[in-house]
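Q: What follows is a predicted protein model with its sequence.
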Amino acid sequence: MDPAGGCPHAVNARLLAQGAVTPVELPGGIEGMAVLGHEALKEFLQHPEVAKDARHFTALREGRITPGWPLLTFATVPGMTTADGDDHRRLRSLVSRAFTPRRIAGLRTRIEELTGTLLDGLARAAAAGNGVADLRRHFALPLPMGVICELLGVDLRFRARLHQLGSKVVATDTPPAEAVAANRELLAVLEEIAAARAAHPGDDLTSALIAARDEDGDRLSPQELIGTLLLMIIAGHETTLNLVTNAVRALCAHPAQLALVRAGEASWADVVEETLRWDAPVSYFPFRYPVRDLTVAGTLIPAGTPVLAGYSAAGRDPAAHGRDADRFDLTRAARPGAARHLSLGHGAHYCLGAPLARLEATVALERLFTRFPALRPAVPDDDLAPHAGFVGNSVRSLPVRLAPPGA
């Protein structure tokens, strides 16, 4: 795996041609595996003998993982993404109340308000930039970051730093010393946030988690509190940030598909789902570990191997999505027998925030293209720098023009 990342689709196609499961070399020469095929990934994600707890990670247990290893946080952060069985259910139950359908529906008005404010800011940025503004920086990032931080009760002054540090922690190309420093600072910021909410509790998820820690300590340890905040903040904005960015790129590159939406022949929800399949915001998610030697799609995965879930590859697997799987097509889901993408997970660890991500992206795209119907990229798509690392899948910036020349 290239630690610097890049567009994964050409690599995925080559690997899929060889098989649904493939060995990979992780940073530091650590042997791993990637599950790429749709059906193989679906099976693997819900297999009862596949664990998330890093005590099953052989190389870590044997001391072969260094402190600055760029994927160490994914493996060891205390929380839902590294817990199994009863521990996972306990942790998930503590935050699930914030993501009930009723609670998510109640956020629509606030999401619409924030979207309108950010679109005003995007217009101002374009006016100051000779008609060009970075849509990722001024719109796709602050929308989900604002929503998740309001849910958690995180003050505005922390948000930019949380994004910067979180990006370093999850990037696979961060140098070891820098990764250690970023992780240490991120934990310190999260502890400061937790201390502020403990001193001044409110109607937010962080205050509720602190109450669970303080009133019933066997339900949430101090380390799990910080780990849960880290997960909620990073996963709560990075995925939607990439989703909105990738959807705008896809629609601009496929004007006939955008025309279907404007004609009422496809919906904005269709745009979100097809983007999740065609250009998944998370490409390879670390880690799962077989608790015994396991054969998936005819390939042996030895016990204790760190396995990447290849969401971007599964999304374009021809065996599941047809010979035109690499084509962006908003009518695909309406086909008889169409496979549903796995880009938000599957099984017990299915993304808890999926309804919120879908709502945010749907509102964002509808309002964006309604407000700026002539929106188009300001630079060729091939000139956009890819996201750092092989976990996330998007571009670092998305310069756009909001109006035709001379408008």
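A: Sure, I can see it.

Q: just how off-centre is the helix or strand hosting E39 within its chain?
A: Applying DSSP states H and E as the criterion places E39 in helix 38-45. Its chain's C-alpha centre and that of helix 38-45 lie 19 Å apart, by Cα atoms, centre = their mean, to the nearest Å.

Q: Quick one: residues in contact with that helix.
A: 20-21, 35, 50, 288, 296-297, 307, 309-311, 314-315, 317, 319-321, 339, 342, 345-347, 349 (Cβ atoms under 8 Å, 6 or more residues apart in numbering). C-beta here means a position set from N, CA and C on the backbone, and glycine is covered the same way.

Q: Could you export that helix as PDB, keeping only the C-alpha atoms?
A: Extracted C-alpha coordinates of helix 38-45, given in PDB (Å, rounded to 0.1, in the frame of the first residue of the first chain):
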ATOM      1  CA  HIS A  38     -18.300  -7.000  -2.700                       C
ATOM      2  CA  GLU A  39     -19.500 -10.500  -1.600                       C
ATOM      3  CA  ALA A  40     -16.200 -11.300   0.100                       C
ATOM      4  CA  LEU A  41     -16.300  -8.100   2.000                       C
ATOM      5  CA  LYS A  42     -19.900  -8.600   3.000                       C
ATOM      6  CA  GLU A  43     -19.100 -12.000   4.300                       C
ATOM      7  CA  PHE A  44     -16.000 -10.800   6.100                       C
ATOM      8  CA  LEU A  45     -17.600  -7.800   7.800                       C
END
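
Q: do you know how far H163 is from D203?
A: 24 Å (Cβ to Cβ, to the nearest Å).

Q: Name the residue in the two with the higher neighbour count.
A: H163 (18 against 7; other Cβ atoms under 10 Å).

Q: May I have the residues that are in contact with the closest residue to the more buried one other than its chain neighbours?
A: Closest residue to H163 apart from its sequence neighbours, by Cβ to Cβ, 6 or more residues apart in numbering: M145 at 6.2 Å. Residues in contact with M145 (Cβ under 8 Å, 6+ apart) are 159, 162-163, 237, 241.

Q: so which helix or strand takes in M145?
A: Assigned by DSSP H and E, M145 belongs to helix 142-152.

Q: which residues of the chain score low on pLDDT?
A: 216-218, 405-407 (pLDDT under 70).

Q: now the strands: where do they sit in it?
A: 21-26, 30-35, 50-51, 132-134, 284-290, 294-296, 299-301, 307-310, 376-377, 399-401 (DSSP state E).

Q: taking these together, which one is wrapped up most tightly?
A: Most buried of the strands of the chain, by mean neighbour count (mean count of other Cβ atoms under 10 Å): strand 307-310, with a mean of 26.

Q: what does it rub up against?
A: 1, 12, 24, 32-36, 41, 44-45, 50, 283-290, 301, 345.

Q: just stretch 253-264 next, same as before
A: Here stretch 253-264 has contacts from 250-252, 266-268, 270-271, 328-331, 369, 381, using Cβ under 8 Å, 6+ apart.

Q: Can you say which of the residues you listed are buried?
A: Among the contacts of stretch 253-264, those scoring as buried are 250-252, 266, 268, 270-271, 328-330, 369 (criterion: 16 or more other Cβ atoms under 10 Å).

Q: In helices, which of those appear?
A: 250-252, 268, 270-271, 369 (DSSP state H).

Q: quick one, what contacts the nearest residue to V379 once chain neighbours are set aside?
A: Spatial nearest neighbour of V379, excluding adjacent residues (Cβ to Cβ, 6+ apart): P399 at 5.5 Å. Going by Cβ under 8 Å, 6+ apart, P399 touches 132-135, 377-379.

Q: quick one: P399 and F369, what's the gap?
A: Distance from P399 to F369, by Cβ to Cβ: 17 Å.

Q: which ones are touching G19?
A: 36-37, 297-299.

Q: Swap in 7 Å and give it another go.
A: 297, 299 (Cβ atoms under 7 Å, 6 or more residues apart in numbering).

Q: what's the distance between it and G315?
A: Relative to G315, and taking Cβ to Cβ, G19 is found at 17 Å.

Q: cool, and D326?
A: 10 Å.

Q: The two: which has the busier surroundings?
A: G315 (28 against 14).

Q: So the more buried one sits against E274, correct?
A: No - using Cβ atoms under 7 Å, G315 is not in contact with E274, being 9.6 Å away.

Q: residue closest to the middle of this structure?
A: T239 (2.7 Å; Cα atoms, centre = their mean).

Q: Pretty sure it sits against P281.
A: Yes - T239 is within contact range of P281, at 4.9 Å (criterion: Cβ under 7 Å).

Q: So which bits of stretch 50-59 are buried?
A: 50-54, 56-57, 59.

Q: how long is that stretch from one end to the other?
A: Using Cα to Cα, to the nearest Å, the end-to-end distance of stretch 50-59 comes to 16 Å.
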